[in-house]
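**Q** Could you look at this predicted model? Sequence included:
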Amino acid sequence: MPILTFLDFSFDSAGLTVVTTCSPRNFDLVKSYGADAAFDYSDPEKCAKDIREYTNDNLHHVFDCISENTSPEVTSLLSSSFSRGPKRP
């Protein structure tokens, strides 16, 4: 089983929603790998706002595997919501 398929299966089994950032030209590609949603990283503040809206500001984990260009800023903006705690339905 390819690793991406395995990870997608693992996230689904755990009930997790996977969101990612990338260039809009890669949205379909990352979704084909198992991402539930993709967001344009070119504007960090808009990207973080859109992800917060998509997740109902109930984000629990942020993982930045690139750490260059705008990704550290997006990660920082998203991590700041952890201190507010998750919103409960």
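**A** Perfect, I can see it now.

**Q** wait, doesn't residue 71 sit right on residue 20?
**A** No - when contacts are counted by CB atoms under 8 Å, residue 71 is not listed as touching residue 20 (10.7 Å). Quick note: C-beta positions are derived from backbone N, CA and C, even for glycine.

**Q** Which residue, other than its chain neighbours, is closest to the residue nearest the centre of the chain?
**A** Against the mean C-alpha coordinate of the chain, by CA atoms, centre = their mean, the closest residue is residue 19 at 3.1 Å. Excluding the flanking residues, the one nearest residue 19 by CB to CB, 6 or more residues apart in numbering is residue 37, at 4.7 Å.

**Q** Residue 21 is in contact with that neighbour, correct?
**A** No - between residue 37 and residue 21 there is no contact, the gap being 10.0 Å when judged by CB under 8 Å.

**Q** how near is residue 45 to residue 39?
**A** 12 Å (CB to CB, to the nearest Å).

**Q** I misspoke; the intended subject was residue 58.
**A** 16 Å.

**Q** Can you pick out the residue with more neighbours from these two?
**A** residue 39 (21 against 14; other CB atoms under 10 Å).

**Q** what comes into contact with the helix or strand the more buried one falls within?
**A** Secondary structure assignment for residue 39, by DSSP states H and E: strand 37-40. The contact list for strand 37-40, computed with CB atoms under 8 Å, 6 or more residues apart in numbering, reads 17, 19-24, 26-27, 30-31, 46-47, 50-51, 54.

**Q** Fine by me, thanks again.
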